[in-house]
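*Asks:* could you work out the structure for the sequence below:
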Amino acid sequence: MSNKANAVMMQGCASSVGKSLLTAALCRIIKQDGYTVAPFKSQNMALNSYITRSGHEMGRAQVVQAEAACIEPDVCMNPILLKPTSDKKSQIIVNGKVYANQDFRDYHKIKPELKALVQKAYNTLAKEYEYIVLEGAGSPAEINLADGDIVNMGMADMADAPVILIGDIDKGGVFAFLAGTLQLLNEKHRKRVKGVIINKFRGDVEILKPGLDQLEKIIGIPVLGVVPYIEVDVEDEDSVTERFKRVVGRGDVSVAVIRLPHISNYTDYNVFSLEQSITMRYVEHVSEIGDPDMIILPGTKNTIEDLLYLKSVGLDEYIIRHARQGKAVIGICGGYQMLANSLHDPYHTESRIKHISGLGLLDMDVTFEKEKVTTRVMGEVLSNGTGLLDGLVSTQIEGYEIHMGKSTFGKDAVPGTGIVHSNGQDVQTLDGVSNTNGNVFGTYIHGIFDNSGFLRGIVNNIRKDKGMGEDNSKTITFEQYKQGEYDRLADVVRNSLKIDMIYKIMRGET
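*Replies:* Numbers count the residues shown, from 1 in each chain. As a prediction, this is how the structure comes out:
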C-alpha cells in the first residue's frame with residue numbers, strides 16, 4: 001500500500017480524449033486554491049520529452065502539468081517513458097535513463113519488476129505534496145492489457161486512488177463510450193470510478209442535459225461536468241495533435257518545419273506563435289513546401305530512418321537547393337545531424353544502416369554512440385559571423401540536449417554556439433556550427449528558440465536579407481505567455497466542473 005495522499009486519477013475512454021489537458025487544469029486549480037499538488041503518470045508513450053535539472057528524461061506532458069502546478073518537473077512524475085523507434089519497438093526510459101530497446105512482448109515481461117519502481121516514485125511524491133493528480137493512458141477497458149497493468153486501474157490500485165472517467169463528445173457516441181467502458185471493468189475497478197466528465201463539447205449544454213440525467217441513471221455515478229472544446233495554447237502530449245494542420249501567424253517571414261515520420265520535441269516551435277513577423281507551418285512533401293524564407297529540420301527519434309524518408313520523397317534535394325540559393329536552413333538535434341556530410345551508426349543504435357551520406361550542408365560528421373546525452377545546458381553565441389547569427393555574438397541561450405550522436409567538425413564548420421554550463425557544471429564545448437555563408441545553422445539544443453533575443457535576432461537577419469526593417473515590437477516572454485494560458489485553461493475547467501465534488505472525491509469523502 002502506498003503512502004495515502006489526497007489523490008484522483010484521470011482515465012479516459014480512449015486515447016486523445018483530453019486526459020493530459022484536464023490533469024493540467026486540475027493541477028492549476030488546486031494550486032490556485034492554495035494547496036501543493038503534483039502530477040503523476042506511471043508510463044507515458046511519446047516522442048516529446050524533456051530533461052530535468054538533474055539530467056533525467058521524462059515525458060513532456062508531465063512537465064506541462066508540473067508547470068501548471070508551479071513546481072519543478074521531477075522524473076518521479078513519469079518514471080517510465082516509452083519512445084517508439086518503429087512500429088514494434090520502443091526505447092524504454094526508466095527513472096530518466098535509457099533502460100533498453102524492446103518490443104511490446106519483451107517489455108510486458110519486465111513489467112513486474114517495474115511495478116515496484118513505479119510504486120516508489122509515487123510514494124516519493126505522496127510524501128511531498130498534499131494532492132496528486134494521476135493520469136492514465138489509453139483506456140482502462142483495453143481488457144487484453146489488463147493483466148499486469150501499471151498505468152490505468154493497476155496504478156489506481158497501487159495509489160489507492162479514486163478514478164474520474166473522461167469521454168470525448170467530439171468523436172461522437174460519448175454516452176456509449178462511457179457506459180461501455182464501465183461495463184468492461186470488473187466490479188472492483190468499477191467501484192473506483194466516482195464520476196465521469198464529458199469533454200470537448202461544442203454548442204448549448206442545455207440540449208445535452210436530458211442525456212446527462214439518463215446517463216447517470218444507467219451508470220449509477222454522477223456526471224461531474226461538461227467541458228467545452230477549448231482553444232488554449234498548451235503543449236500537446238505527442239504526435240496526436242492538431243498543431244501539424246495549423247498555420248501559425250501571419251508574418252512576413254515564412255517558416256516551414258519538416259514533419260518527419262519520427263518527429264520529436266516539436267514543442268520547440270510553439271514559441272513562434274508570439275513572433276508577429278513569423279508565419280509557420282509543418283510540411284511533409286515537396287508539393288506543400290512552396291518557397292519559405294527558412295526551413296527547419298526538427299528533432300527526431302530516428303535520424304537515419306527519417307533521413308532516408310527525406311531522400312525517398314525528394315525533400316533532400318529541395319533543402320539542398322534552398323540552402324545553395326542562400327536561404328536559411330536550421331537543424332535542431334536530429335535535424336542538425338542530417339545536415340552533416342555523413343552519419344555513422346556502428347552499434348546500430350538508431351538503425352539497421354551503418355553508414356549514410358547526409359545533406360552535406362555543414363562540414364561535420366556524426367557518429368552514434370551507445371550512451372545517450374541528457375543534459376540541461378546554458379551557452380552563448382560564439383561569433384557574429386554572417387547570415388543567421390549576424391550581430392548575435394555573446395547572446396545567452398539555454399535549453400536541453402537529448403541525443404546519442406557525437407559530431408566531429410571539419411575546417412569549413414564555423415563555430416555558432418557553445419555550451420558553458422551542462423547540468424550545473426562549468427564546461428567549454430562547441431555545440432552548433434554554421435556553413436561559411438552563415439545561412440545554414442545547426443544545434444543540439446532543444447528549446448533554443450525560447451530564448452527571445454536569439455529568435456528575434458534570427459528573424460531580423462532574415463528580414464534584413466529580404467530588404468525589410470527590423471521588428472522591434474515588444475512581446476511578453478514565452479514563460480509569461482504559458483502561465484497565462486494555464487490560468488485561462490483553469491478558469492474554463494473550474495466553471496465547467498463540480499470542483500467541490502471533485503475535492504470530496506480526492507479526500508475520500510464520497
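*Asks:* going forward, measure contacts and count neighbours with C-alpha atoms only.
*Replies:* Will do.
*Asks:* what is the strand of greatest length in the chain packed up against?
*Replies:* Assignment by DSSP state E gives strand 364-381 as the longest strand of the chain. Contact analysis of strand 364-381 by 3 or more Cα pairs under 8 Å, 6 or more residues apart in numbering; DSSP states H and E lists strand 49-51, strand 342-344, strand 396-409, strand 414-422 as its packing neighbours.
*Asks:* to Gly154, which of those strands lies closest?
*Replies:* Among those, strand 49-51 comes nearest to Gly154, with 24.2 Å by Cα to Cα.
*Asks:* show me what the helix or strand that that closest one is followed by is in contact with.
*Replies:* Tracing the chain past strand 49-51, the next element assigned as helix or strand by DSSP states H and E is strand 57-59. The contact list for strand 57-59, computed with Cα atoms under 8 Å, 6 or more residues apart in numbering, reads 44-52, 75, 78-81, 93, 95-97, 237, 374.
*Asks:* mind running it again at 10 Å?
*Replies:* Residues outside strand 57-59 that contact it (Cα atoms under 10 Å, 6 or more residues apart in numbering) are 41, 43-52, 73-83, 93-98, 237-238, 373-375, 401-402.
*Asks:* would you list every one of the helices in the chain?
*Replies:* Here the chain has its helices, by DSSP state H, at 19-32, 60-68, 104-128, 153-159, 174-184, 187-192, 205-219, 286-289, 303-313, 315-324, 334-338, 452-465, 478-496, 499-506.
*Asks:* Ile319: neighbouring residues, count only.
*Replies:* By other Cα atoms under 10 Å, 23 other residues sit near Ile319.
*Asks:* by mean pLDDT, flag the weakest helix or strand of the protein.
*Replies:* strand 97-103 (a mean of 90; mean pLDDT, DSSP states H and E).
*Asks:* would you mark the buried spots in that one?
*Replies:* 97-98, 101-103 (16 or more other Cα atoms under 10 Å).
*Asks:* report the contact partners of the closest residue in space to Leu361 that isn't next to it in sequence.
*Replies:* Nearest residue to Leu361, sequence neighbours excluded (Cα to Cα, 6 or more residues apart in numbering): Leu339, at 5.2 Å. Leu339 is in contact with 297, 307, 316, 319-320, 329-332, 357-366, 440-442, counting by Cα under 10 Å, 6+ apart.
*Asks:* quick check: ChimeraX command selecting the buried ones in those residues.
*Replies:* Typed into ChimeraX, the line below selects the buried ones among those, using 16+ other Cα under 10 Å:
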select :297,307,316,319,320,329,330,331,332,357,358,359,361,362,363,364,365,366,440,441,442
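*Asks:* show me the domain layout of this structure.
*Replies:* 6-234+484-506, 253-467 (automatic domain parsing).
*Asks:* quick one: closest of these to Ile476.
*Replies:* Among the domains of the chain, the nearest to Ile476 by Cα to Cα is domain 253-467 (8.1 Å).
*Asks:* what's the separation between the nearest residue to Ile304 once chain neighbours are set aside and Val440?
*Replies:* In space, and not counting its chain neighbours, Ile304 is closest to Ser351: 6.5 Å by Cα to Cα, 6+ apart. Separation of Ser351 from Val440 (Cα to Cα, to the nearest Å): 26 Å.
*Asks:* try Gly326
*Replies:* Gly326 is 9 Å from Val440, by Cα to Cα.
*Asks:* who touches both of these two?
*Replies:* With Cα under 10 Å, 6+ apart, Gly326 and Val440 have common neighbours Gly387.
*Asks:* which residue lies farthest from the center of this structure?
*Replies:* Lys217 (38.7 Å; Cα atoms, centre = their mean).
*Asks:* just to revisit the earlier point, between the longest strand of the chain and strand 396-409, how many degrees?
*Replies:* On the basis of axes from the mean of the first three to the mean of the last three Cα atoms, to 10 degrees, strand 364-381 is oriented at 160 degrees to strand 396-409.
*Asks:* partners of strand 364-381, with directions?
*Replies:* strand 342-344 (parallel), strand 396-409 (antiparallel), strand 414-422 (antiparallel) (DSSP bridges).
*Asks:* buried set for the longest one?
*Replies:* Same thing as strand 396-409. Neighbour-count burial for strand 396-409, with 16+ other Cα under 10 Å as criterion, is recorded at 396-407, 409.
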